[in-house]
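1. Structure, please.
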Amino acid sequence: MFGILFGIFIGFLLFTLTTHPGSRINKKLPEKKIKNFQIFPRVNISARNRVFHFHHWIILTPFYLFLQNFLHSDILHGIILGGIVQGLMFKDRFKIIFKREDYHQIKESSIHIPLLQRFRKK
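-> Numbers count the residues shown, from 1 in each chain. Model (predicted):
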């Protein structure tokens with residue numbers, strides 16, 4: 001149980017530092033793209049005036065379900081679960097299709113601020 005909780009903490013922290021657009025680490029990550037298909041640091045497919053953005057929690061969920069019987073490390077289970085939980089905390093977590101112009105504005109804006117910040121006192 002401790003291993004899973006520790007992994008969730010590590011996974012949540014890791015994905016927060018690497019996926020939040022305002023993060024220094026995220027800004028330093030190189031972009032890997034093959035034509036209209038971006039694979040790093042985000043998974044996007046550009047088509048005409050639309051961008052299909054596959055959030056990391058969407059990718060991690062089937063990955064976790066598939067590997068659940070093969071992974072024997074509680075910490076790795078926790079890291080994947082922490083990434084899924086962290087991804088579900090974004091305001092736009094269920095939005096996959098963006099207009100190209102809107103996506104580039106949203107990518108840099110506060111829409112990616114985790115939901116917990118809504119409950120903080122101002």
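2. going forward, measure contacts and count neighbours with C-alpha atoms only.
-> Will do.
3. show me where the protein has helices.
-> Taking DSSP state H, the helices of the chain run over residues 2-19, 24-28, 56-67, 74-87, 100-108.
4. Which neighbouring elements make contact with the longest one?
-> Secondary-structure packing of helix 2-19 (3 or more Cα pairs under 8 Å, 6 or more residues apart in numbering; DSSP states H and E): helix 24-28, helix 74-87.
5. now those helices as a markdown table including distance to Leu65?
-> What follows is the helices and strands packed on helix 2-19, written out as a markdown table (distance: least, Cα to Cα, whole Å):
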| stretch | distance to Leu65 |
| --- | --- |
| helix 24-28 | 27 |
| helix 74-87 | 10 |
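6. out of those, deepest packed?
-> Counting by mean count of other Cα atoms under 10 Å, helix 74-87 has the highest mean neighbour count of those, with a mean of 22.
7. mind checking how far that helix is from the chain centre?
-> Relative to the chain's own centre, helix 74-87 is displaced by 11 Å; criterion: Cα atoms, centre = their mean, to the nearest Å.
8. picking that back up, in JSON lines, list the helices of the chain along with mean pLDDT and distance to Arg42.
-> JSON lines is the format used below for the helices of the chain (pLDDT from 0 to 100; distance: least, Cα to Cα, whole Å):
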{"stretch": "helix 2-19", "mean pLDDT": "92", "distance to Arg42": "8"}
{"stretch": "helix 24-28", "mean pLDDT": "85", "distance to Arg42": "10"}
{"stretch": "helix 56-67", "mean pLDDT": "93", "distance to Arg42": "8"}
{"stretch": "helix 74-87", "mean pLDDT": "94", "distance to Arg42": "12"}
{"stretch": "helix 100-108", "mean pLDDT": "68", "distance to Arg42": "10"}
